[in-house]
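Student: Return a 3D structure for these sequence lines:
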Amino acid sequence: MALTQLWNSPFGLAGLVFGIIGALLLLSGIGALLRLRPLRFVSRTIFGLLLLAIGALAATIAIGTHGYTALTHEDVAATLLVQPTGPQRFSATVRYPDLREVKFDLAGDEVYVDAQVLKWKPMANMFGLHTAYELDRIAGRYRSIDHERSAPRTVFPLSRDKPLDLFDLRQRYTFLAPLLDAEYGSASYVVVSRPAEIELRVSTTGLLMRETKPAQ
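Tutor: Residues are numbered from 1 along each chain as shown. Alright, predicted model coming up:
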């Protein structure tokens with residue numbers, strides 16, 4: 001995650017400010033100890049550690065939510081251009097709203113996409129955090145269970161690498177429970193039988209795939 005993106009985030013900026021103030025208080029506490037003022041040392045050290053903890057939490061949220069997109073209504077997360085290339089083989093080009101495109105060669109009868117969704121509690125909404133999502137992976141899916149077990153599997157990541165993933169952190173640590181109401185996955189898939197253009201939409205109920213027109 002670029003430093004400019006981190007500091008442009010409200011939580012990233014809060015983490016930086018609280019961290020600096022906390023560090024200054026700790027240094028001030030050390031100075032008070034050297035001047036033999038134990039009460040000031042204790043009070044400034046405790047307050048400094050508290051601010052550092054708050055700053056660390058804010059920075060964790062800023063870094064952990066990088067890559068997620070705020071969801072306030074039904075959004076078009078991407079457009080899929082699918083093209084059969086052979087028996088149970090097809091290509092899928094993922095076109096993002098920023099016009100970035102990635103092409104995948106997949107095996108199966110259907111194209112499958114899933115996403116990770118973070119739903120924040122009202123307390124977090126007050127600080128500008130709302131339901132957010134990130135596309136996680138794309139895969140080929142077979143209709144037949146036997147084929148699903150024995151035929152070639154093709155799965156590719158859609159999410160970007162990040163130093164911290166809040167979805168993963170929430171599943172491992174309970175200290176985020178007061179902020180996050182739920183964290184869950186959502187998936188959708190459609191049959192690929194002919195060239196088509198498909199909108200991948202995300203709503204508060206999950207992922208949707210809608211064919212817009214036959215691919216050119």
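Student: For this protein, which segments count as strands?
Tutor: 69-70, 75-86, 89-95, 101-107, 110-120, 132-141, 155-157, 180-191, 196-203, 206-213 (DSSP state E).
Student: I'd like to know which elements the fifth one is packed against.
Tutor: In this case it means strand 110-120. The helices and strands touching strand 110-120, judged by 3 or more C-beta pairs under 8 Å, 6 or more residues apart in numbering; DSSP states H and E, are strand 75-86, strand 132-141, helix 166-172, strand 180-191, strand 196-203, strand 206-213. C-betas here are computed from N, CA, C, even on glycine.
Student: what angle separates that strand from strand 132-141?
Tutor: 160 degrees (axes from the mean of the first three to the mean of the last three C-alpha atoms, to 10 degrees).
Student: so what pLDDT did Val111 get?
Tutor: Looking at Val111, its pLDDT stands at 96.
Student: wait, it sits on Ala78?
Tutor: No: Val111 is beyond contact range of Ala78, at 11.6 Å (criterion: C-beta atoms under 8 Å).
Student: Beta-bridge partners for Val111, please?
Tutor: As for beta bridges, Val111 partners with Gly140, Val190 under DSSP bridges.
Student: Could you measure from it over to Val190?
Tutor: 6 Å (C-beta to C-beta, to the nearest Å).
Student: If you count surrounding residues, which of the two has more?
Tutor: The neighbour comparison of Val111 against Val190 (other C-beta atoms under 10 Å) goes to Val111, with 26 against 18.
Student: quick one, what contacts that one?
Tutor: Residues counted as contacts of Val111 (C-beta atoms under 8 Å, 6 or more residues apart in numbering) are Leu80, Val82, Phe90, Ala92, Ile138, Ala139, Gly140, Arg141, Tyr189, Val190, Val192, Ile198.
Student: Just give me the neighbour total for the nearest residue to Leu208 once chain neighbours are set aside.
Tutor: In space, and not counting its chain neighbours, Leu208 is closest to Arg201: 4.4 Å by C-beta to C-beta, 6 or more residues apart in numbering. Arg201 is flanked by 16 other residues according to other C-beta under 10 Å.
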